[in-house]
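Participant: Quick check, what structure comes out for this input:
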Amino acid sequence: MNRIALPERPRILVVALRRLGDVLLTTPLIASLRKAWPDATIEALVFADTAGILAGNPDLDGIVTMPPRRSFTQSLSLVAKLWRRYDLAISTQSGDRPVFFAFVAGGIRMAPVEAKKNGAFKRFLLHKSVPVVAGVHRVEDMLRFADALGIARVPRLVPPAALPFEGNPSGDYAVIHAAPMFRYKQWTAQGWRDIAASLKARGVTVIATGGPAAQERAYLDDVWRGAEVTRLDGKLNWGQLSGLLAGARVFIGPDTSVTHLAAACGCPTVALFGPTDPRLWGPWPVGGLSALWADTGAVQQRGNVWLVQHAFPCTPCQLEGCERRLQSTSACLDALAPQQVMVAIDEALGSRR
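Facilitator: Numbers count the residues shown, from 1 in each chain. Predicted coordinates for the structure are as follows:
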């Protein structure tokens, strides 16, 4: 495919109005754009509460933020700020809002388009459209934009620039991030405590991370009650977390943005998966996927990532828990045994001596 024609020093905007993990998974596209146009000005439009995951990204010249819930006046102000400011604007989503902002911002507009009634109207607004394909890993989804632009793929995630912090641990340590955003991705509290005890018995200090929200910290109070861990929840920004992960012997976490970040930082990463389909959302190892994730497997390894599941016949259902709601439990996670997780952890520990 022929490379798209842009000015000598183009201005490019990437629109990614999704959650933290999704924004991190757009960085291979941003890296591909930077390689193709090293003299370009490349910026990203994201929600304000996700901007930190792009902090210090060497492929970006700037980050434009918007509140997740904005007033009409704020929307008008953003439209005025973005209006035809960029030579190329790429919406990484097919939704009406991100496609609208790509239309507002770009002289040339590009977005994924679904085969629905409103798809024809969106294609009319766009110069290039990428058909939405089901069953594709999110990173592969991003790299399909590079194909459509006629530029080389750069299939690597770019974590936030690592920053030091006071109290950075010395010696061998593991990082556990036990709190996903939603209940249906949670593992059992006893399981986390058993893993922490097993790591300590192996001479590895356990560092527990988490966000600053009161509800999340209350959950972690229950998880870590009586456990010998060093808690850093609510104390690190994204750059400091990147630095912590880069030096860890192993990271363990559920399907959450921090698990994707750990894999991107090169840390041996053990990911606990339940209803989520690894073929779509399995962590992306450094160097990319030499073979795609399978839908199920007791322990799968790809590069620096080990993916652990307890598979029922319905796994992975891609639903929000057994009750189809965010606060539901997931039987496949509840049934996951600490011994099975430790098999993966021991393999990961052995990979970084």
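
Participant: Now for the residue lying closest to Trp83 once chain neighbours are set aside, how many residues are close by?
Facilitator: Nearest non-adjacent residue to Trp83, counting by CB to CB, 6 or more residues apart in numbering: Val104, 5.9 Å away. For glycine as for every other residue, the C-beta is placed from the backbone atoms N, C-alpha and C. By the other CB atoms under 10 Å criterion, the neighbourhood of Val104 contains 20 residues.

Participant: what helix or strand does Val104 sit in?
Facilitator: Using DSSP states H and E, Val104 maps to helix 96-105.

Participant: ok, then the element right after that helix?
Facilitator: Next element after helix 96-105 (DSSP H and E): strand 106-113.

Participant: contacts for the helix or strand bottoming out on mean pLDDT in the chain?
Facilitator: Within the chain, no helix or strand scores below helix 117-125, which has a mean of 75 by mean pLDDT, DSSP states H and E. The contact list for helix 117-125, computed with CB atoms under 8 Å, 6 or more residues apart in numbering, reads Ser94, Asp96, Val99, Phe103, Arg109, Ala111, Val113, Ser129.

Participant: Among those residues, find the lowest-pLDDT one for me.
Facilitator: Ranked by pLDDT, these bottom out at Ser129 (87).

Participant: Quick check: buried residues in the helix or strand where that one lies?
Facilitator: Under the criterion of DSSP H and E, Ser129 resides in strand 128-131. Buried residues in strand 128-131, counting neighbours by 16 or more other CB atoms under 10 Å, are found at Lys128, Ser129, Val130.

Participant: Now do the contacts for the nearest residue to the last one once chain neighbours are set aside.
Facilitator: If I follow you right, that is Val130. Using CB to CB, 6+ apart and skipping the chain neighbours, the partner closest in space to Val130 is Pro112 (4.7 Å). By CB under 8 Å, 6+ apart, the contact set of Pro112 is Ser91, Thr92, Gln93, Ser94, Ser129, Val130, Pro131, Val132, Asp141.

Participant: Mind exporting the C-alpha coordinates of stretch 99-106 to PDB?
Facilitator: Output of stretch 99-106 as PDB, limited to C-alpha atoms (Å, rounded to 0.1, in the frame of the first residue of the first chain):
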ATOM      1  CA  VAL A  99     -14.600  10.100  15.400                       C
ATOM      2  CA  PHE A 100     -16.100  13.600  15.800                       C
ATOM      3  CA  PHE A 101     -13.000  15.000  17.400                       C
ATOM      4  CA  ALA A 102     -10.800  13.500  14.600                       C
ATOM      5  CA  PHE A 103     -13.100  15.200  12.100                       C
ATOM      6  CA  VAL A 104     -12.800  18.500  13.900                       C
ATOM      7  CA  ALA A 105      -9.000  18.300  14.200                       C
ATOM      8  CA  GLY A 106      -7.600  16.900  11.000                       C
END
